[in-house]
Every structure is written in structure tokens, then in C-alpha cells.
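1. Turn this into a model:
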Amino acid sequence: MLEERVQRINRVAAARTFTVLPVVEGLYDMGNLSAVCRSADALGYGAVHCVKKVDGKYKQSTRTAGGSDKWLDVKFWDTTGQCLAAMKAAGYQIITTHMSKGSISIQEVDWARPTAVILGNEKFGVSQEAVEAADACAIIPMTGMVESFNISVASSLILYEAQRQRQQRLGSHTDLPPEQQLILKAVMLSRAVKQSRTVLSELLNRPPPSWQAGTIKELERKSAQYEAAVAARSLWSASDSG
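-> Now for the predicted structure:
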């Protein structure tokens, strides 16, 4: 891999966040899902989740994600209930893009909090199940004659507002600790190299080079010490309870 590519992956991983999660629900057009992925990647988001259509039939599109889906954690859910239950269990507030009497503007949403934003399908919007489970419904303020944005445009506006607010309030859009950035870089590097599984398997099966012998020996010593300490604590706990 060229050094320029490595440095770009380093910069992208350092700018990622998983605190705000776009979720698309029951889209008809796969081109719209691709557009959401492209906007999410470009604006520094690490994942896009999708609730599948009930009938599993989708309109195919010539539009592509521009390769952005390769760099994202894209997860599919069978039902809205499963998805939202998992989001709530993970500590996300649920925001649906839906106009109702109590709707707030996207500027009023606290994007500094872990937030899953639900984007509805092209014909009917978000489901009633999503509306009822939401902590709040949010809209994009509009002043023209049209009543709604295309989902690809709406997702871009919402994700941009979340990024802007987080930078203003938190001083940074990204919030991954160094350890998670390192893991993300490893994943992205593996996706950037063709046949990376084969390459990694080959490297792991090779004997370590001589210059690493000292490091490996020290790691083995520390591992043995750790296992001995764990065993000692287990014996102490057993004797103490007896």
C-alpha cells in the first residue's frame, strides 16, 4: 500500500464518530441507501444501519455509494423493533424524521448525545412503530412550496447539522479514543488490500523474525505472570469462601 493511502486512512479514522448513527427504514430504492452511505462517510460517520423491507424487494439503481460502503459499518435489521431495542440498549436516544404536533427542528436536537436518527422510506416516511418508540420527532425547517426533501438530501442536511453542532458544542466531531481508532485503522487497512485475509493468514503462520525474539519472550513472560496471578486469586477466593 502506498504511504499516501496509509496516511489518508489514518486521517479518516481519526475523524470518525459512531455516536450519531443514521438508520434508514424500509427503503424502496437501493440508490437512496447508497446516497446515505456516501454522505455519512464524507461527513465522518462510521456506520449506517438499515431496516429491511418486509417483502425484500428493492428498486435497483445505477447510483452507487462511490465505494463508501466499504469504509462503513453497514448493518441490516429484519425489523424496526429489533433495531430500536438494540439502539436503546446501547444508550442511543431515538430521533425520527417525522412531522407531528410536537416535532422539533433538527437544530433543537442535542447531537452531542448518542443519537440514532431514523430516516423513513420514500413513499410513507418512518413507520408508526418508530414514531411511538422515538424520544423525539424532528423536521428540517422548510420555507418553499415543496413539502419534503428526497431522503438522500434530507440525510445530508441532518448529518451536516449534527456535525456542525458537535464541532461547535464539543470542539470536535470525532470522539473515538486512541484504542478504538487503532482498531478502526486496522479494519480499514484490511479492506484496502486485496486478499487481505490470505495475506494476514500467511504472515501469522510465519515464524517471527529474529529481531522480534526478545519482545515475544517478554510478552510470554508477562502472560505467564498474569495467568499465575489469576490462578492465585482464584485459589485465595476459594479458600476464603470455605
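
2. Which segments of this structure make up each domain?
-> Under the assignment the TED database, the domains of the chain span 17-170, 178-240.

3. Tell me which of the ones you listed sits most buried.
-> The highest average neighbour count among those, using mean count of other C-beta atoms under 10 Å, belongs to domain 17-170 at a mean of 17. Backbone N, C-alpha and C define where each C-beta goes, glycine included.

4. got the end-to-end distance for that domain?
-> Terminal residues of domain 17-170 are spaced 13 Å apart (C-alpha to C-alpha, to the nearest Å).

5. For the worst-scoring helix or strand of the chain on mean pLDDT, name the packing helices and strands.
-> When the helices and strands of the chain are compared on mean pLDDT, DSSP states H and E, helix 213-241 comes out lowest with a mean of 76. Counting contacts by 3 or more C-beta pairs under 8 Å, 6 or more residues apart in numbering; DSSP states H and E, helix 213-241 packs against no other helix or strand.

6. Now do it: distance to the chain's middle.
-> On the basis of C-alpha atoms, centre = their mean, to the nearest Å, helix 213-241 sits 36 Å off its chain's mean C-alpha point.

7. coming back round to it: with distance to Arg11 added, can I get the domains of the chain in CSV?
-> CSV is the format used below for the domains of the chain (distance: least, C-beta to C-beta, whole Å):
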stretch, distance to Arg11
domain 17-170, 11
domain 178-240, 10
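
8. hey, least reliable of the ones you listed by pLDDT?
-> Mean pLDDT per stretch puts domain 178-240 lowest among the domains of the chain, at a mean of 81.

9. before we move on, back to that, minimum distance to Leu2: which of the domains of the chain has it?
-> Leu2 lies closest to domain 178-240 among the domains of the chain, at 10.1 Å (C-beta to C-beta).

10. and that closest one, how far out from the chain's middle?
-> Domain 178-240 sits 26 Å away from the centroid of its parent chain (C-alpha atoms, centre = their mean).

11. thinking again about what came up before, minimum distance to Met1: which of the domains of the chain has it?
-> Comparing the domains of the chain by C-beta to C-beta, domain 178-240 comes nearest, at 6.2 Å.
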